[in-house]
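Visitor: I'd like to go over a predicted model; first the sequence, then the structure.
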Amino acid sequence: MRVTVFGTGYVGLVQGTILADVGHEVVCVDVDAEKIARLEQGIIPIYEPGLEGLVKENHAAGRLRFTTDAAMAVAHGDIQFIAVGTPPDEDGSADLQYVLKVAETIAEHMAAHRIIVDKSTVPVGTADKVRKRVSEVIEARAKAGEVSAELTFDVVSNPEFLKEGSAVADCQKPDRIIIGTEDAHTVEVMRELYAPFSRQHEKIIVMDVKSAELTKYAANCMLATKISFMNEIANLAERLGADIEAVRQGIGSDPRIGYHFIYPGVGYGGSCFPKDVQALIRTADGIDFDAKVLKAVEARNAEQKTTLFAKIRDHFEGELAGKTFAVWGLSFKPNTDDMREAPSRVLMEALWEAGARVQAYDPEAMEETQRLYGHRDELTLCGTKEAALKGADALVIVTEWQSFRAPDFELIKAQLSQPVLFDGRNMFEPARMAKKGFTYYSVGRLP
Ligand code: UGA
């Protein structure tokens, strides 16, 4: 099948590549000429395991093409994906200008029936807005005699559920494929498009457009709620003298609760949860509905991002000026270089504000840290996790990278001025750490 994907960010590039990989003819289009030129050479703008090889392979096979030529792209695909960004407005609601701009572009160039697919995470009601915008443009073109007034199209909501760091695998083996449309022809076409991904088990769930749009937000908000809930219980456990890790196993064993997404930590970050929770709150506000649970989820998360700093401040009795901290893990989670809404940023900024220095290391996010904070004298970027320790007053672990799981504790002790470790991800056993001679702070467990 012939498919066009507008937007070569995370969602667009991964989805386009995976569709090409099963044999569809995919054209990816972006307004950023430099990005397109780099993609043509096989240079991938993001770090995502497995993606580079697949892009190169499918590009070489001619199934995956990159262009800035919107007219050609609209002529190519019977199915036109919109996978451009929906950044938050100042008030936290999703900014739809890029989505609507693409809708306009498709309408300006289309000469035959097109299925327009909203792949970006967009508020409930966006498909209606896209539909309206496309209709307006086609009407104007029909009046000018460019196209027939009978030119038809459909707008489908088909939200993406991929996770950064496992985007390729998530896209190849989706838990579900949500198709939001009431048009029987569209359902048939979308079923054919996704048939390769729905062979062993039926993955496709068809519903109306608004339910599909809300499904995406409900999924992310439910996951964010689980995390904020666990962080709240962890804070309670700490104060009550209970151990959150025991509690986590105790409740996770109930299949209705489950073990997934109940790890306490330093708060959720990334480009999705914070943005989507806020956007759904704004959507609710917009119809005078008070989304009480979501507001609490957001407030708990904002506070959780400050808890590591509070522990550090309390340990050093407020005397942080002139101290140096080794920080391991800067990306918002492992296996990505993404630092959007990362808890490490809140921590480092608080440390700097208090007059402390940071020696930071991350396996993938060093370039991004340089881009964000390279101008700051109070930051030293270190080439290895060991180098970050040299002469520091304490080690702080913010992101649970695999390579931090079994560090050389003797070396850590030798390099730090005092053996103090603040662990935002409960990577180690408190009793073992005490035996090794560390003052060890974690989340939801007694020091
Ligand atoms: C999230 C969802 O998991 C995807 O299903 C969704 O498609 C995606 O957003 C999106 O809307 O595009 P992602 O942002 O890549 O994916 O990251 P997650 O792996 O879900 O992690 C989010 C945050 O939650 C991280 O900061 C992580 O450290 C934190 N987290 C996760 C916890 O603090 N505890 C947990 O138990 C799990």
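Guide: Yep, it's here.

Visitor: Which positions in this protein make contact with the ligand?
Guide: Residues of the chain that fall close to the ligand, judged by C-beta under 6 Å from any ligand atom: 121, 160-164, 220, 223, 227, 261-263, 265, 268-270, 272-273, 332-333. All C-beta atoms are positioned from the backbone trio N, CA, C, and that covers glycine.

Visitor: Break the protein down into its structural domains.
Guide: The domain map for the chain lists 2-207, 217-303, 305-441, with the assignment taken from automatic domain parsing.

Visitor: Buried by neighbour count, from the residues of the chain next to the ligand: which ones?
Guide: Buried residues within the residues of the chain next to the ligand, defined by neighbour count using 16 or more other C-beta atoms under 10 Å: 121, 160-162, 164, 220, 223, 227, 262-263, 265, 268-270, 272-273, 332-333.

Visitor: from the chain's centre, how far out does the single longest helix found in the chain sit?
Guide: Among all segments of the chain classified by DSSP state H, the helix with the greatest residue count is helix 209-240. Using C-alpha atoms, centre = their mean, to the nearest Å, the mean C-alpha position of helix 209-240 is found 15 Å from that of the whole chain.

Visitor: buried set for the following helix or strand past that helix?
Guide: Past helix 209-240, heading to the C-terminal end, the next element that is a helix or strand (DSSP states H and E) is helix 244-252. Judged by neighbour count using 16+ other C-beta under 10 Å, the buried positions of helix 244-252 are 244, 245, 247, 248.

Visitor: Among the residues you listed, which pair sits farthest apart?
Guide: Greatest spatial distance in the buried residues of helix 244-252: 245 and 247, 7.3 Å, computed using C-beta to C-beta.

Visitor: Ramachandran angles for the residue in the stretch 51-200 of the chain that the ligand sits nearest to?
Guide: Ranked by C-beta to the nearest ligand atom, the top residue of the stretch 51-200 of the chain for proximity to the ligand is residue 164, at 3.5 Å. Per-residue torsions, residue 164: phi -60, psi 140 (degrees, to the nearest 10).

Visitor: my guess is it meets residue 334, correct?
Guide: No. Here residue 164 lies out of contact with residue 334, judged by C-beta atoms under 8 Å, at a distance of 9.9 Å.

Visitor: Give me the three-state assignment for residue 80.
Guide: The three-state label given to residue 80 by DSSP: H, G, I helix; E, B strand; the rest coil is strand.

Visitor: Now do the same for it: its pLDDT.
Guide: Residue 80 is assigned a pLDDT of 98 by the prediction.

Visitor: again with residue 371
Guide: Looking at residue 371, its pLDDT is 97.

Visitor: part of a helix, is it?
Guide: Yes. Per three-state DSSP, residue 371 lies within a helix segment.

Visitor: so residue 326 sits in a strand?
Guide: Yes. Counting by three-state DSSP, residue 326 is part of a strand.
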